[in-house]
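Peer 1: What shape does this take:
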Amino acid sequence: MRCKVFLLLILCAALLALPVSAMQSDDLLAVLTDGDADAWVAQTLPSLAGDGGEWYAIALAQNGKQYDFSEYAAALTAYFDAESIGSAVERQRIALALLAVDADSDIPDRVLADSVGKQGTMSLVFGLHLLQNGANSGAHTVESVTAQLLERQNADGGWCVAGTRSDADVTAMALQALAPQKETHADVIERALFCLSAMQKEDASFASYGVSNAESCCQVIVALTALGIDPETDARFVKNGKTVLDALETFRLPDGSFAHVIGGKRNNFACQQALLAYVALERFAEGKSGLYAFDPKPTVPPETDDAQTSEQSETASSSLAERQESTDTPANDGIPPFRMTVLILALVIGLASLVYLLIGKK
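Peer 2: A predicted model of the protein is given here:
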């Protein structure tokens, strides 16, 4: 009996040490794609071009797996060329998705040239994302757009779409855009984090327009992880022993999807944002950059003879090893330091308990 209890404790400790966000990301993706993400990307995602599919594309492009986005990129390009899109932010969202899936397109440059600042704070936020991911414009730079965004920071440290009362979503999204410059603008970011912490509800959720909702929680998770902040342990974002991750789970439905508000029905936008949040958490656990710092996509080499393929493989492996050695944060196989510590302690205690049990039986 004591041995069974011992094994159960060790199993529980090992599960605690696993990156929970990775499991949740995979689980949610399975719900959203009926268990076949590759087929869903090829067959369903193109039909969502211009209709929210951009958020799915960004999440899938950043989750560490490889998908064929060619059909989606073609559909999104066709949508952009066929429609007269008046919203600057919508055009930027499309351009950002094309950058995320590494499409060969001049749309990001074209959009950047005529959209930045045309729709207030959010067009500055997305303009920064475009610039920081390689889009080019003779009229805009990272520094110039950042300056405009900082000018819009409210006295309380946050941002909003209009007026002077800061909004959790907009503040979190501004922080996501500023994350690559967190050292340069440390004071600005600290003020915004203080504001964001003050907006967190007693149940650890976040609200927009006075209503706690899943999407606001997701935006905060994406912002914190982009800044290298653990939303599960940072005291500023723990209320009554609960975290924003705990709050997000209250919007999850029995089938694994998400509602906009507690007690609501499945909401596509809430599901999209939850997937983005869980991918951001997974990247954070693996020591990667924030969700909107797009990874360079691997290129598929042309068919070659075996000797040349072997040489290319060795070169790629050497390059990967050099990049891993030069990074500041170890990858640690996807297990964050805190959970690794828990696992090690569990194993030590388990071994000691096993020795005690064996000696006790003698």
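Peer 1: could you show me where the helices are in the stretch 101-250 of the chain, in order?
Peer 2: Secondary structure of the stretch 101-250 of the chain by DSSP state H, counting those that start in this stretch: the helices cover 107-115, 120-132, 142-151, 168-178, 186-199, 214-226, 244-249.
Peer 1: export these to JSON lines and tack on mean neighbour count?
Peer 2: Placement of C-beta: from N, CA and C, glycine included. Compiled in JSON lines, the helices of the stretch 101-250 of the chain are given as follows (neighbours: other Cβ atoms under 10 Å):
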{"stretch": "helix 107-115", "mean neighbour count": "19"}
{"stretch": "helix 120-132", "mean neighbour count": "24"}
{"stretch": "helix 142-151", "mean neighbour count": "16"}
{"stretch": "helix 168-178", "mean neighbour count": "26"}
{"stretch": "helix 186-199", "mean neighbour count": "17"}
{"stretch": "helix 214-226", "mean neighbour count": "28"}
{"stretch": "helix 244-249", "mean neighbour count": "22"}
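Peer 1: Take the ones you listed and lay them out in a markdown table including mean pLDDT.
Peer 2: Written out in a markdown table, the entries for the helices of the stretch 101-250 of the chain read as follows (pLDDT from 0 to 100):
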| stretch | mean pLDDT |
| --- | --- |
| helix 107-115 | 97 |
| helix 120-132 | 98 |
| helix 142-151 | 98 |
| helix 168-178 | 98 |
| helix 186-199 | 98 |
| helix 214-226 | 98 |
| helix 244-249 | 97 |
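Peer 1: Ok, which of those comes nearest D36?
Peer 2: For those, proximity to D36 was assessed by Cβ to Cβ; helix 214-226 is nearest, at 24.3 Å.
Peer 1: on that earlier part again, quick one: which of the helices of the stretch 101-250 of the chain is nearest A42?
Peer 2: A42 lies closest, by Cβ to Cβ, to one member of the helices of the stretch 101-250 of the chain: helix 107-115, at 21.5 Å.
Peer 1: Please compute how far that closest one lies from its chain's middle.
Peer 2: 24 Å (Cα atoms, centre = their mean, to the nearest Å).
Peer 1: and the angle from that helix to helix 142-151?
Peer 2: Orientation of helix 107-115 against helix 142-151 (axes from the mean of the first three to the mean of the last three Cα atoms, to 10 degrees) gives an angle of 50 degrees.
Peer 1: any idea of the angle helix 107-115 forms with helix 120-132?
Peer 2: Taking the same axes, to 10 degrees, one finds helix 107-115 and helix 120-132 inclined to each other by 140 degrees.
Peer 1: Show the contacting residues for the nearest residue to A293 once chain neighbours are set aside.
Peer 2: Across the structure, with Cβ to Cβ, 6 or more residues apart in numbering as the measure, the residue nearest A293 apart from its sequence neighbours is P180 (6.4 Å). Listed by Cβ atoms under 8 Å, 6 or more residues apart in numbering, the contact partners of P180 are Q132, S289, G290, A293.
Peer 1: quick one on the thing from earlier: CSV please, covering the helices of the stretch 101-250 of the chain and showing distance to K265.
Peer 2: Converted to CSV, the helices of the stretch 101-250 of the chain look like this (distance: least, Cβ to Cβ, whole Å):
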stretch, distance to K265
helix 107-115, 34
helix 120-132, 27
helix 142-151, 35
helix 168-178, 21
helix 186-199, 26
helix 214-226, 12
helix 244-249, 17
